[in-house]
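Colleague: compute the structure for the input listed below.
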Amino acid sequence: ARVKVYDPVAHETAREVLGSVEYAENPYVVAEGADCVVLLTEWAEFSSLNLPYLKTLMKRPVIVDGRNVFEPGKMRSLGFEYYSIGRPDLTLSDVSDPGRRV
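Modeller: Alright, predicted model coming up:
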């Protein structure tokens with residue numbers, strides 16, 4: 001796998017820990033040609049991304065959100081395959097049956 005990373009705060013620390021991965025100067029460069037973007041920090045910069053533009057850069061619009069920065073319904077409406085870690089994946093059938101345990 002080819003791994004590109006970006007962190008607006010911990011770039012230098014990441015270089016010491018991660019070793020030989022590609023470092024990008026912003027999140028859009030990370031997304032260029034990506035099969036998947038994994039979000040592991042909740043810096044404010046990420047919550048204000050231009051998501052439609054981000055999607056155009058990606059080879060496949062798949063986002064794994066490890067910090068629950070984005071709202072699942074919005075991400076799906078924008079056309080992303082979206083995985084929110086640690087948060088239930090509610091579907092319309094879940095909402096229509098309030099007694100259903102998720």
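
Colleague: helix, strand, or coil at the closest residue to S47 other than its chain neighbours?
Modeller: Nearest in space to S47, with sequence neighbours left out and distances taken as Cβ to Cβ, 6 or more residues apart in numbering, is V69 at 5.2 Å. Quick note: C-beta positions are derived from backbone N, CA and C, even for glycine. When classified by DSSP: H, G, I helix; E, B strand; the rest coil, V69 comes out as coil.

Colleague: against F80, how distant is V69?
Modeller: Counting by Cβ to Cβ, to the nearest Å, the gap between V69 and F80 amounts to 13 Å.

Colleague: for those two, work out which one has more neighbours and name it.
Modeller: Between V69 and F80, F80 has the larger neighbour count (other Cβ atoms under 10 Å), namely 21 against 18.

Colleague: so who does the more buried one touch?
Modeller: 51, 55, 61-63 (Cβ atoms under 8 Å, 6 or more residues apart in numbering).

Colleague: so which of these sit within strands?
Modeller: Judged by DSSP state E, those include 62-63 as members of strands.
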